[in-house]
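**Student:** no sequence for this one, just the structure:
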């Protein structure tokens with residue numbers, strides 16, 4: 001966990017939630033990760049960069065995905081790679097990371113649907129992390145649960 005995350009956690013958390021955060025409960029840590037991943041995937045870099053430059057804070061987030069369509073299998077595969085690389089770069093707390101597209105019966109939808117799976121090291125042991133992630137291409141936003 002980064003020092004700034006801890007500091008911001010102390011400042012922004014209140015009541016029992018702050019106590020759980022300070023004590024490092026699994027629920028508080030998972031809530032923090034979900035919030036951070038949501039912010040990361042809803043952030044857009046300000047300009048297009050070369051691969052090596054995208055690791056800096058200027059490359060934080062994912063590029064605009066409006067050029068991809070959820071109707072295309074190739075586009076879904078490309079978006080999986082974009083999300084995976086972004087999470088590997090900017091969210092080092094997630095280990096053994098995988099982003100898996102969810103196949104839908106309804107082929108006519110405006111959203112990409114993925115499951116993000118990873119392991120989190122908490123108090124010297126690993127816990128499983130799984131988040132339902134949907135990207136609504138109509139609104140250009142991610143929702144993660």
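**Tutor:** Okay, I see it. If you're wondering where the values come from, they're calculated on a predicted model, not measured in any experiment.
**Student:** where does this structure have low pLDDT?
**Tutor:** Residues of the chain that meet the criterion pLDDT under 70 lie in 1-24, 47-55, 105-109.
**Student:** which residues of it fall in strands?
**Tutor:** Along the chain, the segments classed as strands by DSSP state E run 95-101, 111-122, 125-136, 141-144.
**Student:** Could you pull out the helices in this protein for me?
**Tutor:** All helices of the chain, identified by DSSP state H, fall at 3-12, 15-23, 26-41, 73-90.
**Student:** Tabulate the strands of the chain (TSV), appending distance to residue 81 and mean neighbour count.
**Tutor:** Yep, even glycine has a C-beta here, placed from its N, CA and C like the rest. Formatted as TSV, the strands of the chain follow (distance: least, CB to CB, whole Å; neighbours: other CB atoms under 10 Å):
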stretch	distance to residue 81	mean neighbour count
strand 95-101	8	15
strand 111-122	11	18
strand 125-136	14	15
strand 141-144	16	17
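**Student:** between those strands, which gets nearest to residue 68?
**Tutor:** Judged by CB to CB, the one of the strands of the chain that comes nearest to residue 68 is strand 111-122, at 7.7 Å.
**Student:** Can you list the strands that that closest one pairs with?
**Tutor:** Sheet pairing of strand 111-122 (DSSP bridges) gives strand 95-101 (antiparallel), strand 125-136 (antiparallel).
**Student:** Compile these into CSV and extend it with columns for distance to residue 45.
**Tutor:** What follows is those, written out as CSV (distance: least, CB to CB, whole Å):
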stretch, distance to residue 45
strand 95-101, 19
strand 125-136, 16
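**Student:** Not counting its neighbours along the chain, what's nearest residue 80?
**Tutor:** Nearest-residue entry for residue 80: residue 99, 5.0 Å, with adjacent residues in sequence omitted and distances by CB to CB, 6 or more residues apart in numbering.
**Student:** oh, I was asking about residue 137
**Tutor:** Closest residue to residue 137 apart from its sequence neighbours, by CB to CB, 6+ apart: residue 110 at 5.2 Å.
**Student:** Spatially central residue in this structure, please.
**Tutor:** The centre of the chain sits closest to residue 37, judged by CA atoms, centre = their mean, with a distance of 3.0 Å.
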